[in-house]
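1. just the structure for this:
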Amino acid sequence: MRPLWGLVDDGIMGFGPDDHGFTQQMYRQVLPASVNEQVNRLWQSVTLQRHPKSSVSNPQPHQLIAETLGPALEFWHGVAHRLLRVRGPHSRAPLSGAADYYHRPLAALQAAGYPVAGPARGTTHNRTASGARRGVVRDRSELPVDTAAGAFSLTMSYSSGSRREGFERARDIVTRHRRAWAEQYLDTYLEQRWRAALKDVAQSHHRHVAPKGRPPTLIHFAHFATTAANQWTGGDLGGQYTAIGKPAPAQQERPAWSRRGAGWRSYVWRGLSTGSRSRARVGVGPGSLRSAVWMSRRNGRSCGSSGRS
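-> From the prediction side, this is the model:
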């Protein structure tokens, strides 16, 4: 079974296969197309705090939804990912340390009133769930190297194959507790998150109005409302005004064009890299950035362009 590294977009950029199991944009291969389309549609634009007069295209919608879902996604996905790594040859830590490793999201869920039950925590501490080592194939090779300073030997080693027994049993235990937690808490957890975000925006708005007697400008409003807008209203600050019952002082401009996901990000990165090399490795300047954007507009099909809206 493949590792889940890459299913949740955590901002890592890669352009080829990874020996340690990382798959760029794994969500495109694993999640249903309808789900990916919804994520792209709902989180396709964001507002930049310093430039709130217009929203812009978001090249990382899956990263933004991960931030929106917060500690619940961090913990449950992290445990599943860790379980797969313990099973395979690339594990860096035993499953028994997962509860300590994810103590921050666990504490956040506990404080919010959505605790992970004791048995699920016990699963992460249960050493028998990950079983004994088995089926590990190891190889080691030495390469002699001669240099002007003398000869030395370069040693390379690797391992492959399943590492521990009991994976299916541990997987089923984690799955059972995750589903039970989701059935009991997920709807109210998500509602609590967006209500808490709007409450913070409303309180910040009130703190601004109270001493000055006038509402904040759009720029001032963006200072405390951008995060909530990006996570819950598609980067629309006007939606935040509506949600807290206040009139918006101005209308934002919407993006004239958008790019989907990491394909656009990777294309720009390649354009910047090419530009920096052509400038004798003196760094990426604004000219190379403009060139990358212009070329991506011209050859938008290679990035998965959605066209002009």
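
2. show me where pLDDT drops low in this protein?
-> Flagging of the chain using pLDDT under 70 yields the residue ranges 1-4, 10-22, 85-96, 118-141, 143, 148-149, 154, 156-165, 255-309.

3. contacts only, for the nearest residue to residue 113 once chain neighbours are set aside.
-> Closest residue to residue 113 apart from its sequence neighbours, by C-beta to C-beta, 6 or more residues apart in numbering: residue 192 at 7.7 Å. All C-beta atoms are positioned from the backbone trio N, CA, C, and that covers glycine. Residue 192 makes contact with 112-114 under the criterion C-beta atoms under 8 Å, 6 or more residues apart in numbering.

4. same check on residue 181?
-> 76, 114, 116-117, 120.

5. please tell me how far it sits from residue 97.
-> 21 Å (C-beta to C-beta, to the nearest Å).

6. for the closest residue in space to residue 48 that isn't next to it in sequence, give the beta-bridge partners.
-> In this structure, residue 48 finds its nearest non-sequential neighbour in residue 56, 6.2 Å apart by C-beta to C-beta, 6+ apart. On the basis of DSSP bridges, residue 56 takes part in beta bridges with residue 46.

7. residue 56 - how many residues pack around it?
-> Residues contacting residue 56 under the criterion other C-beta atoms under 10 Å number 16.

8. for residue 105, same thing?
-> 19.

9. got the phi/psi numbers for it?
-> Main-chain dihedrals, residue 105, degrees, to the nearest 10: phi -60, psi -30.

10. try the one 10 residues further on
-> Backbone torsions for residue 115, taken as degrees, to the nearest 10, come to phi -70, psi 150.

11. test my guess that it contacts residue 107.
-> No. With contact defined as C-beta atoms under 8 Å, residue 115 does not count as touching residue 107 (9.7 Å).

12. ok, those two, which is more surrounded?
-> It is residue 115, of residue 115 and residue 107, that has more neighbours when counted by other C-beta under 10 Å, with 15 against 12.

13. so what's that one closest to, chain neighbours aside?
-> residue 109 (5.9 Å).

14. what's the helix or strand the one you found falls within packed up against?
-> Residue 109 is part of helix 103-112 when elements are defined by DSSP states H and E. Helix 103-112 sits against helix 71-87, with contacts defined as 3 or more C-beta pairs under 8 Å, 6 or more residues apart in numbering; DSSP states H and E.

15. export the helix it packs on as CSV, just CAs?
-> Presented in CSV, the C-alpha positions along helix 71-87 are these (Å, rounded to 0.1, in the frame of the first residue of the first chain):
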residue,chain,number,x,y,z
PRO,A,71,-6.2,19.9,14.1
ALA,A,72,-8.7,17.2,13.3
LEU,A,73,-7.2,16.6,9.9
GLU,A,74,-3.7,17.0,11.2
PHE,A,75,-4.1,14.3,13.8
TRP,A,76,-6.2,11.7,11.9
HIS,A,77,-4.2,12.0,8.6
GLY,A,78,-1.0,12.1,10.6
VAL,A,79,-1.8,8.8,12.4
ALA,A,80,-2.8,7.1,9.2
HIS,A,81,0.4,8.3,7.4
ARG,A,82,2.5,7.2,10.3
LEU,A,83,0.9,3.8,10.4
LEU,A,84,1.8,3.2,6.7
ARG,A,85,5.3,4.4,7.3
VAL,A,86,5.7,2.0,10.3
ARG,A,87,4.6,-0.8,8.0
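
16. this completes my enquiry, with thanks.
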